[in-house]
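**Student:** Sequence and predicted structure, then a few things I'm wondering about:
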Amino acid sequence: MYRIGFSEASPWLAPGTLILLWFLGLVARETVSTTMFVVWMGGSLAWMVLRFALMDHFGERGQMVRPVLNSALLGAWILWYWVAMAPVGDKIGQSIILMGLTVWWTASTSLLAGNPLAFGVLSLFMTTGPLLASVTRHNPFSGSSWLMLFMAAAIGLTYRDRRQAFLAAVEADDSVRQLADEFSLVFDSVRDGVMVSADGVVVRLNPPMGSQLRADAEEVVGRRIEDLLGQGEDELLVAGTTRIDVPRADGSTAVLEITGRVNPTGDRIVWSSRDVTDLVAREAELAAMVAHDDLTGLANRRAMFELLGELHRENKPTAVLAVDIDGFKQINDRYGHAAGDEVLRCVAMRLEGLTGGSGLVARLGGDEFVIVLACPKAVAAGHELATDLVESARCPLPLLGGEIRVTLSVGVSTSDGSVAPDVLLQEADLAMYAAKRAGRDGWRMHEVGGSADPLPKRTARFRAATRA
């Protein structure tokens, strides 16, 4: 609904009062009849209501038709007065009076509402005119002459006000255009990707965003955010800054760190993103370095204990196999450390091949390996894998253009999930050293249960076996 604020209400009150004074003076001189005054005021009020209704209903289009209504009103008053109401006398003067009143009504309420100087001057004209017309019947400024002077002043002040408004609008347009140019320059120059969406659809993006997606702007503009990023706007906004995998136009996948912000008007969302694909790859490499052995690529001690701790917390049956290469020191002494490293890599590959992905193979250091199996039948699985390991190791390994034969000693310990990881590993080591004392090239089993020996006793046995 259209509401008249204080700045708009004041112009309506002032001209209404002044016009009433003017008509009182004119009626006193019998220049305009009372009937004419009532009809003109009623019609003008009806026009005002119609104009506000059009502005409220049509918005900006209503503003466009307002000049047409003003012109139509002016012409209608003049035509009506000439045909129906004009007495014998100065028809031209009467018409000028009506024209002046209509122009005043329009100018004071529409054009000069924000111009105090123009409003004051016109108020002076409108106040002194009817007073002079009432007091002095033969005032030279009454009637048509006074109205012509008033209309000239109104038109001049209206033109000045319009010109000032036009210049201010031009200056504002220049400022807006300059701000838009600066925004476009910043938008296209930032290194991060920037994208703007409205109602879930991409409406603009800068060159870095196109580079991140490996696509031209024409390929992206018009697409839905959900189709482009794999998640809806609401999900991404709730998540804040998040990393998402985004398919690129060339078929590859980019990892983008993206953040969305709603603009103050609420009709746009600005998305900023960084391509962290290389960073994620480096993070994965570092994580692999932390959890894996550099020489063989197997899991290291840290990764092994993390898995054993997880299995222990979940109370899952587990088998641990401690594997040691027999006579590895002699291989290093005879062939050199480079050959020894090659033997370690070959043995690691065989261990992984025999495990078949059903367990974790880790290198603790030197020629010591550990295999962790998590399965309901841990004892049977440990027996079977230990046998396969010993038999497979007897096959020659390629080394320095020839072959070398190695054997393995394997110790197996099992748990129903109640034994701590370090204890389980110690028991596997004890079983492995027992296999070495038995002549090597074989395996031994050590079952661990709830009634196993206390830790101090097992530790002493472990140290004794190590010294043997």
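**Tutor:** On my side now, so go ahead.
**Student:** Sketch out the low-pLDDT regions of the stretch 101-250 of the chain for me.
**Tutor:** 101-163, 183, 186-187, 189 (pLDDT under 70).
**Student:** quick one, strands of it?
**Tutor:** 193-198, 201-205, 242-247 (DSSP state E, counting those that start in this stretch).
**Student:** So which of the ones you listed is nearest Trp271?
**Tutor:** Trp271 lies closest to strand 193-198 among those, at 4.4 Å (Cβ to Cβ). In this view, the C-beta of every residue, glycine as well, is placed from N, C-alpha and C.
**Student:** counting contacts, what elements does that closest one pack onto?
**Tutor:** strand 201-205, helix 207-213, strand 269-275 (3 or more Cβ pairs under 8 Å, 6 or more residues apart in numbering; DSSP states H and E).
**Student:** send the alpha carbons of it over as PDB?
**Tutor:** Taking Å, rounded to 0.1, in the frame of the first residue of the first chain, the C-alpha atoms of strand 193-198 are listed here in PDB:
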ATOM      1  CA  GLY A 193      37.900 -18.300  -7.700                       C
ATOM      2  CA  VAL A 194      34.700 -16.300  -7.300                       C
ATOM      3  CA  MET A 195      31.200 -17.200  -8.400                       C
ATOM      4  CA  VAL A 196      27.800 -15.600  -8.000                       C
ATOM      5  CA  SER A 197      24.600 -17.500  -7.900                       C
ATOM      6  CA  ALA A 198      20.900 -16.500  -7.700                       C
END
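**Student:** if we can go back for a sec, could I get the strands of the stretch 101-250 of the chain as CSV with distance to Trp271?
**Tutor:** Putting those into CSV (distance: least, Cβ to Cβ, whole Å) gives the following:
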stretch, distance to Trp271
strand 193-198, 4
strand 201-205, 9
strand 242-247, 11
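**Student:** domains of this structure?
**Tutor:** Following automatic domain parsing, one finds the domains of the chain at 6-169, 190-278, 292-467.
**Student:** what's the first-to-last distance across the shortest one?
**Tutor:** What that stands for is domain 190-278. End-to-end distance of domain 190-278 (Cα to Cα, to the nearest Å): 20 Å.
**Student:** now the biggest strand by length in the chain: mean pLDDT?
**Tutor:** Identified as the longest strand of the chain according to DSSP state E is strand 253-262. For strand 253-262, mean pLDDT rounds to 85.
**Student:** Next, the angle from it to strand 193-198.
**Tutor:** 50 degrees (axes from the mean of the first three to the mean of the last three Cα atoms, to 10 degrees).
**Student:** Could you tell me the angle between strand 253-262 and strand 242-247?
**Tutor:** Interaxial angle, strand 253-262 versus strand 242-247 (the same axes, to 10 degrees): 130 degrees.
**Student:** Quick check: Arg261 touching Thr241?
**Tutor:** No: here Arg261 lies out of contact with Thr241, judged by Cβ atoms under 8 Å, at a distance of 10.7 Å.
**Student:** Just the CA atoms of stretch 170-183, as CSV, please.
**Tutor:** Output of stretch 170-183 as CSV, limited to C-alpha atoms (Å, rounded to 0.1, in the frame of the first residue of the first chain):
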residue,chain,number,x,y,z
VAL,A,170,24.0,11.9,-13.7
GLU,A,171,26.6,12.2,-11.0
ALA,A,172,25.1,9.3,-9.2
ASP,A,173,25.1,7.2,-12.4
ASP,A,174,28.7,8.1,-12.9
SER,A,175,29.5,7.0,-9.4
VAL,A,176,27.6,3.8,-9.8
ARG,A,177,29.3,3.1,-13.1
GLN,A,178,32.7,3.8,-11.6
LEU,A,179,32.0,1.5,-8.7
ALA,A,180,30.8,-1.2,-11.1
ASP,A,181,34.0,-0.9,-13.1
GLU,A,182,36.1,-1.1,-10.0
PHE,A,183,34.1,-4.1,-8.8
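**Student:** hang on, the earlier thing: for the strands of the stretch 101-250 of the chain, which one sits closest to Pro398?
**Tutor:** strand 242-247 (41.1 Å).
**Student:** which outside residues touch the closest one?
**Tutor:** 212-213, 228-231, 236, 253-259, 276, 280 (Cβ atoms under 8 Å, 6 or more residues apart in numbering).
**Student:** at 10 Å what do you get?
**Tutor:** 212-214, 228-231, 235-236, 252-260, 273-277, 279-280 (Cβ atoms under 10 Å, 6 or more residues apart in numbering).
**Student:** Contacts only, for Arg268.
**Tutor:** Contacts of Arg268 by Cβ under 10 Å, 6+ apart are Val196, Ser197, Ala198, Asp199, Val203, Arg204, Arg261, Val262.
**Student:** so the second one bridges to which residues?
**Tutor:** Which is Ser197. For Ser197, the beta-bridge partners are Val202, Ile269 (DSSP bridges).
**Student:** dump the residue contacts of it.
**Tutor:** Ser197 touches 203-205, 223-225, 228-229, 233, 260, 268-271, counting by Cβ under 10 Å, 6+ apart.
**Student:** ok so, going back, Serialize the helices and strands packed on strand 193-198 to TSV and add fields for distance to Val379 and mean neighbour count.
**Tutor:** Below are the helices and strands packed on strand 193-198 laid out as TSV (distance: least, Cβ to Cβ, whole Å; neighbours: other Cβ atoms under 10 Å):
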stretch	distance to Val379	mean neighbour count
strand 201-205	60	18
helix 207-213	54	20
strand 269-275	51	20
